[in-house]
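In: I would like the atomic coordinates for the input below:
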Amino acid sequence: MSDITRVLDRGYTMLWREGRIEDALGGLEDDFEWVVPDHLEGAVRRGADSVIEFFREWTEPWKDLDLDWEIEAAGPDKALAIIDMHGRGRVSGVPAEVRFFQLWTFRDGRAVRMEMFSDLEEARRAAGLA
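Out: Residues are numbered from 1 along each chain as shown. The predicted model follows:
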C-alpha cells in the first residue's frame, strides 16, 4: 500500500467508521479543491470548512449510512477511491445504494484536490488508469 492510499484509507476510516469528520477533513489547506460536477450549489468547494459543510449536507438526508471502499494507486501523486454507499432515506426510510468514485490528487504529500465521478471508466481515464 502506498503512502497516499494509506492516508486515504485512514481518512475514510476516520470519517465513516469513527465519525471524526473534523479530524479527517480539518487539515485540508485553504486551496484544497473538492470538485463535485453538476452539484446544485456549485461544483467546487475550497478549503476544510467548505468541505466539512458539504460533507454534513450530503450525509444529513441519510439514515444508517455505511460505506465500503477500495483505493487504487494511480501514480505517485494520485489515487482512485471506489466507493459503495448503503443507507436509508432519513424521512422516507427507503433503502438506497450508490456507487461513486473519487480521484484524489496530492502534491508534496498533501491532498490538493478531490474530483468525484459517477462513471468508473471516466474516473479511470482521468486517473490515467485506462
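
In: so who does Val44 touch?
Out: Listed by C-beta atoms under 8 Å, 6 or more residues apart in numbering, the contact set of Val44 reads 33-36. From N, CA and C alone the C-beta is placed, and that goes for glycine too.

In: quick check, pLDDT for the residue nearest the centre of the chain.
Out: Taking C-alpha atoms, centre = their mean, the centroid of the chain lies closest to Gln102, which sits 5.3 Å from it. pLDDT, Gln102: 97.

In: excluding its backbone neighbours, what's nearest it?
Out: Ala81 (4.4 Å; C-beta to C-beta, 6 or more residues apart in numbering).

In: strand partners of the strand or helix carrying that neighbour, parallel vs antiparallel please.
Out: Applying DSSP states H and E as the criterion places Ala81 in strand 78-89. Note on strand 78-89: by DSSP bridges, its sheet partners are strand 62-73 (antiparallel), strand 95-107 (antiparallel).

In: pick out the most distant pair among the contacts of Val44.
Out: Spanning the widest gap among the contacts of Val44 are Glu33 and Val36, at 10.3 Å by C-beta to C-beta.
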